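K.L.:
just to be clear, the model below is a prediction. Sequence and coordinates:
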Amino acid sequence: MADDDQDETDLFGEALRDIDQSLELYSAANGKEAISALYRGQVRPEIIFLDINMPEMNGWDCLTTLKSDATLREIPVVMYSTSSAGLDGKRAVQSGAICYLEKPPSFLKLKDFLEKISISSRTNLPATLRAIEANKSHRLVISD
């Protein structure tokens, strides 16, 4: 996860621990830090959550870097921000993100989303996201 808001990162980590103690959260304060950790081979995540508004390297630039790198482009990326899912959502999926998720308004909503995707394999993730979108339980935009 790349997000400059430490409280948000802590909440995210708490939700993951509540779901499954074996789930690990690697966090970075910005896109540059996340890319550096990935290039150094420190982490190889199953999925990346990127905030949009971060210092040094924002989420858009980080997404572009990820999707232009042959060794990183296959990692699913969820753009994750407080901005409305409308325009940012469309831009996110057009830029290669698997989806755009508007940050849930509560811990329980965040945990619900993470629980749903954590039980989905990478190959089933698109179908899981379509089901979440159809259910309208979260504000998200998914790629086709």
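P.N.:
Cool, the structure landed. Residues are numbered from 1 along each chain as shown.
K.L.:
ok, the residue nearest the centre of the chain - contacts?
P.N.:
Geometric centre of the chain, nearest residue: F49, 2.0 Å, by CA atoms, centre = their mean. Counting by CB atoms under 8 Å, 6 or more residues apart in numbering, F49 touches 1-3, 12, 77-78, 80, 101. C-beta coordinates here come from the backbone N, C-alpha and C atoms, glycine included.
K.L.:
what do you get for L50?
P.N.:
L50 is in contact with 1-3, 31, 34, 59, 62-63, 77-80, 97, counting by CB under 8 Å, 6+ apart.
K.L.:
so which helix or strand takes in the residue lying closest to K90 once chain neighbours are set aside?
P.N.:
Of all residues not flanking K90 in the chain, V141 sits nearest, at 6.4 Å (CB to CB, 6 or more residues apart in numbering). Assigned by DSSP states H and E, V141 belongs to strand 140-142.
K.L.:
that strand packs against which elements?
P.N.:
When contacts are defined as 3 or more CB pairs under 8 Å, 6 or more residues apart in numbering; DSSP states H and E, strand 140-142 packs onto helix 85-94, strand 99-102, helix 125-135.
K.L.:
strand partners (parallel or antiparallel) of it?
P.N.:
Each strand paired with strand 140-142, and its direction, by DSSP bridges: strand 99-102 (antiparallel).
K.L.:
okay, the strand it pairs with in CSV with CA atoms only?
P.N.:
Only the C-alpha atoms of strand 99-102 are listed here, as CSV (Å, rounded to 0.1, in the frame of the first residue of the first chain):
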residue,chain,number,x,y,z
CYS,A,99,-10.2,-0.8,-10.2
TYR,A,100,-10.7,2.5,-8.5
LEU,A,101,-12.1,2.3,-4.9
GLU,A,102,-13.4,5.4,-3.2
